[in-house]
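# Following is a predicted model, sequence given first.
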Amino acid sequence: MKVMLADDEPLARDRLRRLLSEIDDCELIAELHNGRELIEQVERHQPDVVLVDIHMPEMDGLKTARALARMPLPPAVIFTTAHSEHALSAFDAAASAYLLKPIRREELVAALLRAQQPRRAQLAAITDTSTGSRDRYLVLRIGRKQQRIAADQVICCLADHKLTRVLHRQGEGWCDESLQELETRLGDDFLRVHRSTLVAVRYIQGLSGSGNEAKLQLLHTEQSVPVSRRRLPALRALLRR
């Protein structure tokens, strides 16, 4: 992960530099004194993440983040500040995280992991945007890596808090698209069988139970998934074909 930081305080830069040096797979590629310098260098260095102090001369962190967001493929932004009153403004500026100084190592690690989740601009860039091709792939976070999985390899998608857990033929991973977004994008090859579950029609194997106890068995996984009562008639008709 390539990281750049912008902070006008030397001691703050020293602390972040030391913390970043202790984190595996993390490379600090540039240190800047204000937001204007950061913006000038981002296009040249193409960082994955930028650490930005909110209070800086010439251009503060909030203005910097908004300017970065207008780029075709912006880096993730993590705000660092000694003041808590800007938290709401920070997230309005699409920050991945907001860290209060003095920053602790575990907080920085968690923020960097959160920043690795693919954002919409990244999804558009990673996938081929030629006619219909984006619908054939999901971009998943698997451990600390991102991987593109063909939609025909996806067995089911399960809502899990604000993320979506995706089971596929090679294993599983996490997607930042909601079930509603995936259902719309993937079309008729997938069926919403429960408010928390979207399944690939091609991998439906069988149905057991009834009413609120109904479960759907899927090929290539031992995990059965719940079926809502109102979806049972459609599923039974599908299995009789």
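Okay, I see it.

# For this structure, which segments count as helices?
Along the chain, counting by DSSP state H, helices occupy 10-21, 35-45, 61-69, 87-92, 105-115, 120-126, 179-186, 232-239.

# So for T81, which of those helices sits nearest?
The minimum distance between T81 and these falls on helix 61-69, with 7.3 Å, by CB to CB. Heads up, the C-betas are built off the backbone N, CA and C, glycines and all.

# Quickly, which of the helices of the chain bottoms out on average pLDDT?
Per-stretch mean pLDDT for these is lowest at helix 120-126 (a mean of 45).

# For I204, see how far away the closest residue to G209 other than its chain neighbours is.
With sequence-adjacent residues excluded and distances taken as CB to CB, 6 or more residues apart in numbering, G209 is closest to K215, at 5.3 Å. With the distance defined as CB to CB, to the nearest Å, K215 ends up 12 Å from I204.

# cool, I39 as well?
Distance from I39 to I204, counting by CB to CB: 50 Å.

# If the closest residue to L239 other than its chain neighbours is in a bridge, with which residues?
Closest residue to L239 apart from its sequence neighbours, by CB to CB, 6+ apart: L207 at 6.1 Å. Note on L207: beta-bridge partners L216, judged by DSSP bridges.

# List the contacts of L207.
Contact analysis of L207 by CB atoms under 8 Å, 6 or more residues apart in numbering lists 214-217, 227, 232, 235-236, 239.

# now H220
Per CB under 8 Å, 6+ apart, neighbours of H220: 155, 169, 203.

# Got the confidence number for it?
H220 is given a pLDDT of 92.

# picking that back up, who wins for proximity to R195 among the helices of the chain?
From these, taking CB to CB, the stretch that ends up closest is helix 179-186, at 8.0 Å.

# ok, back up a step: drop anything exposed from the contacts of L207.
214, 216, 227, 232, 235 (16 or more other CB atoms under 10 Å).

# Any chance of JSON lines for these, columns distance to E43?
As requested, the buried ones among the contacts of L207 are exported to JSON lines (distance: CB to CB, whole Å):
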{"residue": "A214", "distance to E43": "53"}
{"residue": "L216", "distance to E43": "48"}
{"residue": "V227", "distance to E43": "50"}
{"residue": "L232", "distance to E43": "54"}
{"residue": "L235", "distance to E43": "51"}
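
# Greatest separation within those residues: which pair is it?
Pairwise over the buried ones among the contacts of L207, using CB to CB, the maximum falls at L216 and L232, 9.9 Å.

# how far away is D152 from D189?
Taking CB to CB, one finds D152 at 8 Å from D189.

# do the same with V3
For V3, the distance to D189 - CB to CB - is 39 Å.

# got it, and R165?
From R165 to D189 the distance is 19 Å (CB to CB).

# out of those two, which sits in the more crowded spot?
Per other CB atoms under 10 Å, whichever of R165 and D189 has more neighbours is R165, with 16 against 13.

# Contact partners for that one?
Taking CB under 8 Å, 6+ apart, one finds 157-159, 172-175 in contact with R165.

# Name the member of those that has the highest neighbour count.
For the contacts of R165, the largest number of neighbours (other CB under 10 Å) sits with C157, at 27 neighbours.

# ok, the closest residue to it other than its chain neighbours - how many residues close by?
In this structure, C157 finds its nearest non-sequential neighbour in L198, 4.3 Å apart by CB to CB, 6+ apart. Using other CB under 10 Å, the number of residues around L198 comes to 24.

# can I assume L198 is in contact with F190?
Yes - look at L198 against F190 with CB atoms under 8 Å: they come within range, at 5.3 Å.
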